[in-house]
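Participant: Sequence below, structure please.
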Amino acid sequence: MSSNQTDIPASAYDMSHIDEADERRTLAIIVDNEPGVLGRVVGLFSARGYNIESLTVAEVDRRRHRSRITVVTNGSPQMLEQIEAQLLRLVPVASVTDMTKSKRGVERELALIKVAGTGDKRVEALRIAEIFRARVIDTTNESFIFELTGASDKIDQFCALMRPLGLNEVSRTGVLSIKRGAEPG
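Facilitator: Predicted structure coming up:
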């Protein structure tokens, strides 16, 4: 028998996908708006050990009683395809769209960020906020509350810059997504 690896027959238990790099995905899931649906979707993730990085849900069509669940998760491409297939098997799920794969996908997040500080730190916080186009929505003599909308990375960067200036508290909505163009996504 040759020592060449190509001579070895393919195994039914091929685990080569284990070395695949994790990918981040945003899934837009349209579901029937009825009790327990969110629990079933989240249960699918938790029962299989999949992590949810961000989760948002809201009714989007009152007439048809439909809600949109936006889930950000990560894993190997194979695992992510399996998640999508398993979601589609749930009875209340009408559709699943991988917004990350869509060239027309747009993602945004909203954050409220409280920064406490005085003097030069206060001036620097305002200067950085202007660069990031963050709005001041509340101010006192000791603190600001900024409103910032954008990609998750942008919010992460803003928070990192505010940390040494007195970052006090952060509240984030989670990722929202939608497709560009006239057709629904």
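Participant: bridging residues for Thr58?
Facilitator: No, residue 58 isn't Thr; it's Ala. Beta-bridge pairing for Ala58 (DSSP bridges): Arg68.
Participant: What segments of this protein are strands?
Facilitator: 23-32, 52-61, 66-75, 93-98, 105-116, 135-139, 143-150, 167-172, 176-179 (DSSP state E).
Participant: May I see these organised as TSV, with mean pLDDT and distance to Ala125 added?
Facilitator: Where C-beta positions appear, they are placed from N, C-alpha and C, glycine not excepted. Shown next, in TSV, are the strands of the chain (pLDDT from 0 to 100; distance: least, CB to CB, whole Å):
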stretch	mean pLDDT	distance to Ala125
strand 23-32	94	29
strand 52-61	95	26
strand 66-75	94	28
strand 93-98	94	37
strand 105-116	96	5
strand 135-139	97	10
strand 143-150	98	6
strand 167-172	98	9
strand 176-179	92	26
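Participant: Quick check: nearest residue in space to the residue positioned nearest the centre of the chain, chain neighbours excluded?
Facilitator: The centre of the chain sits closest to Val72, judged by CA atoms, centre = their mean, with a distance of 3.4 Å. Once flanking residues are discounted, Val72 sits nearest to Ser54: 3.9 Å by CB to CB, 6 or more residues apart in numbering.
Participant: and what of Leu148?
Facilitator: Closest to Leu148 by CB to CB, 6+ apart is Ala134, at 4.2 Å.
Participant: The one you found: neighbouring residues, count only.
Facilitator: 26 (other CB atoms under 10 Å).
Participant: start at 50 instead
Facilitator: New numbering, starting at 50: the last item is Ala183.
Participant: Thanks a lot, see you next time.
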